[in-house]
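Asker: Generate coordinates for the sequence data below:
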Amino acid sequence: MNLPFFYAAGLSRDQAVPLLEEDTMRHMMQVLRMQKGDALKLTNGKGLVAEALITEASKKNCAVSIKSIEEFPPTERQIMIAISPLKNASRFEWFLEKAAEIGISAVVPLLCNRTERQFVKKDRWTGILISAMLQSQQAWVTELWEPVTFSNFSTSHHAASNFIAHCMEGEKKPLQQLVGSTEGSSCILIGPEGDFTAEELALALQKEYQPVSLGPTRLRTETAALTAAVLMTHAV
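Answerer: Now for the predicted structure:
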């Protein structure tokens, strides 16, 4: 039986009675109607997963005690997707949810020349990533970077394997042909609606990003990012 899975940011090995956030307690007591003695799991989103029992339960309060705790290492294949935020916020949030479920290690909001500026909802986006981690029963939450410009990111960040997906003419290899042979960390750049500019592509190529194709059709930004996520996480 799968136990209910909750987030406890302060969970640690030396904490027998972890603190639960108010929203978590409310969900346990008022939505799931859990009772004293019920078992559950907790994670801090940084590799720790604990089995616990409810020791105190009321409409406004809940306390748990840790019965066992296990530490899971991060996945060997660390995958980062740097994607331009979208004018349609719901489509970007849909991508965040699916990327976290799939197991992407980090998402970078990439500010490109053609990115339509929007308000960055860091707290809301973090909540979406945490919820997706819990839904998919993982021990590591997808890291959400602060927004960064294309030039700063492509110049300063270098994974073991670096890719850029674009729609311009030029030599490109299918991503699925490349990711199977990669080891260690990898990163892919996904541009905005309207694609990267020629100058951005030139800078990425100068920084040794490999141009890749994601298939024969032209994809929306969030679809391209999700396609890349699936290909990179399921490479053999």
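
Asker: rest of the way, CA atoms for contacts and neighbours
Answerer: Fine.

Asker: Sketch out the low-pLDDT regions of this protein for me.
Answerer: Residues of the chain that meet the criterion pLDDT under 70 lie in 1, 16, 118, 180-183, 235-236.

Asker: Contacts only, for the closest residue to His158 other than its chain neighbours.
Answerer: Nearest non-adjacent residue to His158, counting by Cα to Cα, 6 or more residues apart in numbering: Cys187, 8.0 Å away. Cys187 makes contacts with Ile79, Met80, Ile81, Ala82, His158, Ala159, Ser161, Asn162, Phe163, as judged by Cα atoms under 8 Å, 6 or more residues apart in numbering.

Asker: in stretch 62-80, what's buried?
Answerer: For stretch 62-80, the neighbour count (16 or more other Cα atoms under 10 Å) marks Cys62, Ala63, Val64, Ser65, Ile66, Ile69, Arg77, Gln78, Ile79, Met80 as buried.

Asker: Kindly report the same for stretch 26-42.
Answerer: In stretch 26-42, counting by 16+ other Cα under 10 Å, buried: Arg26, Met28, Met29, Met34, Gln35, Ala39, Leu40, Lys41, Leu42.

Asker: doesn't Leu111 make contact with Val148?
Answerer: Yes - using Cα atoms under 8 Å, Val148 is in contact with Leu111, at 5.8 Å.

Asker: Of the two, which one has the most company?
Answerer: Between Val148 and Leu111, counted using other Cα atoms under 10 Å, Leu111 has the larger neighbour count: 22 against 16.

Asker: my guess is that one meets Ser84, correct?
Answerer: Yes - with contacts counted by Cα under 8 Å, Leu111 reaches Ser84, the gap being 5.8 Å.

Asker: What about Ala202, how many residues nearby?
Answerer: 13.

Asker: wait, I meant Ile190
Answerer: Counted with other Cα under 10 Å, residues neighbouring Ile190 total 25.
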